[in-house]
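Asker: pasting a predicted model and its sequence here:
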Protein chains: 2
Amino acid sequence: MAVKARLTRETVLWAALELVDRAGLDALSMRSLAKALGVEAMSLYNHVTDKADLLDGIAELVLSGMTLPARTEDCFADVRALAFAFRDAAVAHPQAFPLLATRQLGAAAALRFTEAALAVLRDCGLDERTAVHMLRSFVALLTGSLIREVGASLSFSGKDSAGVRARTEQLAASGFPAVRGAAALLASCDHDAEYAFGVDALIRAMR
Amino acid sequence: MAVKARLTRETVLWAALELVDRAGLDALSMRSLAKALGVEAMSLYNHVTDKADLLDGIAELVLSGMTLPARTEDCFADVRALAFAFRDAAVAHPQAFPLLATRQLGAAAALRFTEAALAVLRDCGLDERTAVHMLRSFVALLTGSLIREVGASLSFSGKDSAGVRARTEQLAASGFPAVRGAAALLASCDHDAEYAFGVDALIRAMR
DNA sequence: ACCTGAACACCGTTCAAGT
DNA sequence: ACCTGAACACCGTTCAAGT
């Protein structure tokens, strides 16, 4: 709308992220993005080399939006805060998160986070090698948790009580005894609490 | 080749998985799959409802190929064995793994694994609620680890020593002190050891 | 330097028609 | 019941042409 401003890589990436937030990853095409910008599809190629580059750019944009927590005197609390900063950045753009998880983010965008995390882990008394291992374990846990969370989105959060009840009954009738026993627990998921459980478990392992 | 056998859902799914293993997810289209089966694209719709159903079917196929380890007297060793059975199933079809991670696998295919894991965790002395939390943390860690592993594939495994050296220098020149210090460790990744580190950390937290 | 329009070689999916 | 062929409404990307 308004006057058609000159395109830049920044405006293209922001518009792409906005489109993904609003309509999902499947709705993002070079043509639909161009239309949202009031421009022809081919104009985009002056600012991104191809669609893969566009997706990389979106991932970097989301990652660069992460606010790193201030340090405190408690290094374990700092680890926890970093984990939740990661989550905050991800759930701010849930539809875009698969891009972060799936593609190898060219170190550049991730380095701020890596630097902060390594510094905190070293302060907790880990040697360099162990700090890197621990960082990788944390990132894997956080990534896996968030993939489940954004994949499950509404239906699994427990808000949809009819769905939860239906799933509980289905699990209870599965014929697997341990599954039957835990049916109600398996049928819904408090993502925030689940995330905290995992983070705290790894922190416990660290001590 | 040979006589053109009648299509079934099974043959369609197996051919799809074979195509993904050989040429990657991007190479899988209804048309390319049909050609591989010596058939027209529209014939596939007699056996899968649409492409999403096809992808679900592939995910289930991979998951159903998992060999669950026999129980031992050591429940913690059993947890570890389950984690590596999960990894074995995934790396047998690395190109297909993003399908498992991304989509909500309709419980059915995952239940065998869930049942085995819950039983082992209960035997380790966890109550029902904690066992479910712990299972979710494990699955998140394993999923996140495997996404990194299949995403990084060759280049990051340490085999490509020129690449490792180039990445090390780049990280060392990044201007981030903690990153610079750990540059060599960050530049490559022994996926098997990394996986074991994460699994053992969570097991330590469990005890 | 940046944007456009037409074109190419693809997609997933529908529908009516065959057997 | 299952397979086909033509068609529809899309894709990403190229290229030559405009300004």
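Answerer: That came through fine. Residues are numbered from 1 along each chain as shown, chains lettered A, B, ... in the order given.
Asker: so in chain A, which helix runs the longest?
Answerer: Identified as the longest helix of chain A according to DSSP state H is helix A:128-152.
Asker: report the buried residues of the helix or strand just after that helix.
Answerer: Using DSSP states H and E, the next helix or strand after helix A:128-152 towards the C-terminus is helix A:161-172. Buried residues in helix A:161-172, counting neighbours by 16 or more other Cβ atoms under 10 Å in any protein chain shown, are found at A:Gly163, A:Val164, A:Arg167, A:Thr168, A:Leu171, A:Ala172. C-beta here means a position set from N, CA and C on the backbone, and glycine is covered the same way.
Asker: just the element for the residue positioned nearest the centre of chain A, please.
Answerer: For chain A, the residue sitting closest to the mean C-alpha position, by Cα atoms, centre = their mean, is A:Ala90 at 3.4 Å. Counting by DSSP H and E, the secondary-structure element that holds A:Ala90 is helix A:75-91.
Asker: can you list contacts of that helix?
Answerer: Residues outside helix A:75-91 that contact it (Cβ atoms under 8 Å, 6 or more residues apart in numbering or on different chains) are A:62-63, A:65-69, A:71-72, A:97, A:100, A:113, A:116-117, A:120-121, A:123-124, A:138, A:142, A:145-146, A:149-150, A:195, A:199-200, A:203, A:206-207.
Asker: and that helix, C-alpha only, in PDB?
Answerer: Included here for helix A:75-91 are C-alpha records, laid out as PDB according to Å, rounded to 0.1, in the frame of the first residue of the first chain:
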ATOM      1  CA  CYS A  75      25.200 -19.400  36.100                       C
ATOM      2  CA  PHE A  76      22.600 -22.200  36.200                       C
ATOM      3  CA  ALA A  77      19.800 -19.600  36.200                       C
ATOM      4  CA  ASP A  78      21.600 -18.000  33.200                       C
ATOM      5  CA  VAL A  79      21.600 -21.300  31.300                       C
ATOM      6  CA  ARG A  80      17.800 -21.600  32.000                       C
ATOM      7  CA  ALA A  81      17.300 -18.000  30.900                       C
ATOM      8  CA  LEU A  82      19.100 -18.600  27.600                       C
ATOM      9  CA  ALA A  83      17.000 -21.600  26.900                       C
ATOM     10  CA  PHE A  84      13.800 -19.600  27.400                       C
ATOM     11  CA  ALA A  85      15.200 -16.800  25.200                       C
ATOM     12  CA  PHE A  86      15.600 -19.300  22.500                       C
ATOM     13  CA  ARG A  87      12.000 -20.500  23.000                       C
ATOM     14  CA  ASP A  88      10.700 -16.900  23.000                       C
ATOM     15  CA  ALA A  89      12.300 -16.200  19.700                       C
ATOM     16  CA  ALA A  90      10.900 -19.400  18.200                       C
ATOM     17  CA  VAL A  91       7.300 -19.100  19.400                       C
END
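Asker: does any bit of the helix or strand A:Ala16 falls within sit next to DNA strand D?
Answerer: Per DSSP H and E: A:Ala16 is located in helix A:9-23. No - with Cβ under 7 Å from any atom of the strand as the criterion, DNA strand D is not reached by helix A:9-23; the gap is at least 10.5 Å.
Asker: rewinding a little: next, format the buried residues of helix A:161-172 as TSV and append distance to A:Ser29.
Answerer: Compiled in TSV, the buried residues of helix A:161-172 are given as follows (distance: Cβ to Cβ, whole Å):
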residue	distance to A:Ser29
A:Gly163	31
A:Val164	35
A:Arg167	34
A:Thr168	39
A:Leu171	38
A:Ala172	43
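Asker: which one of the residues you listed is nearest to DNA strand C?
Answerer: A:Gly163 (23.8 Å; Cβ to the nearest atom of the strand).
Asker: quick one on the thing from earlier: what separates the helix holding A:Ala90 from the chain centre, distance-wise?
Answerer: Mean-position distance between helix A:75-91 and its chain equals 12 Å (Cα atoms, centre = their mean, to the nearest Å).
Asker: buried set for that helix?
Answerer: Along helix A:75-91, the positions that meet the burial threshold by neighbour count (16+ other Cβ under 10 Å) are A:75-76, A:78-83, A:85-87, A:89-90.
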